[in-house]
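Colleague: starting from these lines, generate the structure:
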Amino acid sequence: QVQLVESGGGLVQPGGSLRLSCAASGNTADFSAVDWYRQAPGKQRELVATAANGGSVNYRDSVKGRFTISRDNAKNTVDLQMNSLKPEDTAVYYCHLKPYSWSSLSDSWGQGTQVTVSS
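Modeller: Numbering: from 1, shown residues only. Coordinates of the predicted model:
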């Protein structure tokens with residue numbers, strides 16, 4: 001089981017920026033994708049951004065143009081740069097590693113980091 005540790009959350013005013021970082025204890029290159037999810041109070045966890053091992057990235061519509069996911073397999077890290085933050089971005093953000101379908105590796109989740117956007 002690969003351990004994930006997120007950092008970089010906090011309180012920011014609307015329009016501000018935060019950069020979340022996720023450090024893995026194992027090789028992120030062994031996973032098909034690295035993702036950032038978020039969960040707001042009373043809501044289901046939702047996928048925010050995905051970076052596939054082949055280089056493609058995808059974002060949920062509400063964060064397109066504002067968030068950028070970056071993956072560094074050499075450092076075993078994945079970051080999420082969040083700009084122009086809105087109150088509706090407030091949530092606990094989780095880093096996730098998705099294994100290949102043929103792999104014996106398991107899904108890995110971080111403990112989460114709180115992001116609060118408020119004036």
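Colleague: the closest residue in space to residue 43 that isn't next to it in sequence - how many residues pack around it?
Modeller: Leaving aside its sequence neighbours, residue 43 sits nearest to residue 91 (Cβ to Cβ, 6 or more residues apart in numbering; 7.9 Å). Bear in mind the C-beta positions are built from the backbone N, C-alpha and C, glycine included. Neighbourhood size, residue 91 [other Cβ atoms under 10 Å]: 22.
Colleague: swap in the one 5 residues further on?
Modeller: Taking other Cβ under 10 Å as the neighbour definition, residue 96 ends up with a count of 20.
Colleague: most centrally placed residue in this structure?
Modeller: residue 36 (2.3 Å; Cα atoms, centre = their mean).
Colleague: tell me what the stretch of helix or strand that one belongs to is packed against?
Modeller: Using DSSP states H and E, residue 36 sits within strand 31-39. The contact analysis (3 or more Cβ pairs under 8 Å, 6 or more residues apart in numbering; DSSP states H and E) places strand 31-39 against strand 18-24, strand 46-52, strand 67-72, strand 77-82, strand 91-99.
Colleague: the third one versus strand 46-52: what angle between them?
Modeller: Relative orientation of strand 67-72 versus strand 46-52 (axes from the mean of the first three to the mean of the last three Cα atoms, to 10 degrees): 40 degrees.
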